[in-house]
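**Q** the sequence and its predicted three-dimensional model are supplied below.
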Amino acid sequence: MSADNHNKFAIHEAIKENNTQLAKSLIDANPSQLYVKDEDDRIPLHWACTINNEALVNHILEKDPKKNVDLDEFVDLSGWTPLHITSSIGNLNIFNAIYHHYSDLDLNIKTNTGTTYLDLAISKKYIELVKELIELKVNCRNKDKRGVTPIIRAASIGSKSVIQLLVDKGKININAKDNDGWTCLHHALSEGFGDIAIYLVKLGADPTIKNTSGELPIAVAVDDKVKQFFVSNLKKDEEGS
């Protein structure tokens, strides 16, 4: 980085080095630099979220010279806003501080890969943030560029609590397919979550839906043990109904 760029991005660099005291003094001296984009197209708030520094995030918001700025316009080279980073880290305090500071934020904004705040929170099993986002009425049917929906993502990581939240409050399509025609059942079984697959069936997932290769969910089960567990428990449920 050239000397000119180092001076231009001094706040960014101080934050990246987690030098809270220096960053605060630089922000106080030149708050107009808070919306300068660096070579990654990131503003200081991106980096404060990246290092998960609540004190710096709050200081940036306190010294914000543009109270009515549209934060959704400040995306990095990967299409991430500061809230994408926070959703990936799972800091609910930082998320709420940013959300309540800026007006009219699009909580369904996508990265370059079509990933939303909800997707990131689900992938990391941040249950409280998932709850918060659902309460804020985010789109729980969103598909990323691979066609993956939140319910598919939750099934892939075997999170019963997230699945329950999505079904109870998310207005989802439990049989939605990704770009390969895989449903949440295909994903659950392929990852070895036989118990989650049974739970999904009880919630309305259809075990007879085939993917684009003509395969039923049972056909993509990770191994015979999972396959047998799913078949036997499915049979028990059918006999008990």
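**A** That came in fine, so what should we check first? Numbers count the residues shown, from 1 in each chain.
**Q** buried set for stretch 17-37?
**A** Going by neighbour count (16 or more other CB atoms under 10 Å), the buried part of stretch 17-37 is Thr20, Ala23, Lys24, Leu26, Ile27, Pro31, Gln33, Leu34, Tyr35, Lys37. In short, each C-beta sits where N, CA and C put it, glycine included.
**Q** and the gap between the most centrally placed residue in the chain and Asn179?
**A** Central residue of the chain (CA atoms, centre = their mean): Leu120, 1.5 Å from the mean position. Per CB to CB, to the nearest Å, Leu120 is found 20 Å from Asn179.
**Q** likewise for Leu129?
**A** Counting by CB to CB, the separation of Leu129 from Asn179 is 26 Å.
**Q** what does Leu234 give?
**A** Taking CB to CB, one finds Leu234 at 27 Å from Asn179.
**Q** distance from the host helix or strand of Leu83 to the middle of the chain?
**A** For Leu83, the enclosing helix or strand under DSSP states H and E is helix 82-89. Relative to the chain's own centre, helix 82-89 is displaced by 8 Å; criterion: CA atoms, centre = their mean, to the nearest Å.
**Q** one more: stretch 74-84?
**A** Stretch 74-84 has its C-alpha centroid displaced from the chain centroid by 12 Å (CA atoms, centre = their mean).
**Q** go through that stretch and flag the buried ones.
**A** Neighbour-count burial for stretch 74-84, with 16+ other CB under 10 Å as criterion, is recorded at Phe74, Val75, Asp76, Trp80, Thr81, Pro82, Leu83, His84.
**Q** in this structure, where's the longest helix?
**A** helix 224-240 (DSSP state H).
**Q** look up phi and psi at the residue lying closest to Ala14 once chain neighbours are set aside.
**A** Nearest non-adjacent residue to Ala14, counting by CB to CB, 6 or more residues apart in numbering: Ala23, 3.9 Å away. The phi/psi pair for Ala23 (degrees, to the nearest 10) reads phi -60, psi -40.
**Q** for Ala23, give me its contacts.
**A** Listed by CB atoms under 8 Å, 6 or more residues apart in numbering, the contact partners of Ala23 are Ile11, Ala14, Ile15, Pro44, Ala48, Leu56, His59.
**Q** try Ile172
**A** Ile172 is in contact with Cys140, Arg141, Thr149, Pro150, Ile151, Leu166, counting by CB under 8 Å, 6+ apart.
**Q** what's the separation between it and Leu166?
**A** Taking CB to CB, one finds Ile172 at 5 Å from Leu166.
**Q** if I look at those two, which residues touch both of them?
**A** Taking CB under 8 Å, 6+ apart as the criterion, Ile172 and Leu166 both touch Cys140, Pro150, Ile151.
**Q** neighbour-wise, give me the winner out of the residues you listed.
**A** Counting neighbours by other CB atoms under 10 Å, the top entry in these is Pro150, with 31 neighbours.
**Q** skipping its backbone neighbours, what lies nearest that residue in space?
**A** Closest residue in space to Pro150, ignoring its immediate chain neighbours: Cys140 at 5.2 Å, by CB to CB, 6+ apart.
**Q** Ala197 too?
**A** With sequence-adjacent residues excluded and distances taken as CB to CB, 6+ apart, Ala197 is closest to Ala188, at 4.3 Å.
**Q** tell me which strands and helices the helix or strand where that neighbour lies is in contact with?
**A** Following DSSP H and E, one finds Ala188 within helix 184-190. The elements that helix 184-190 packs onto, with contact taken as 3 or more CB pairs under 8 Å, 6 or more residues apart in numbering; DSSP states H and E, are helix 150-156, helix 194-202, helix 224-240.
**Q** can we see that at 6 Å?
**A** Secondary-structure packing of helix 184-190 (3 or more CB pairs under 6 Å, 6 or more residues apart in numbering; DSSP states H and E): helix 150-156, helix 194-202.
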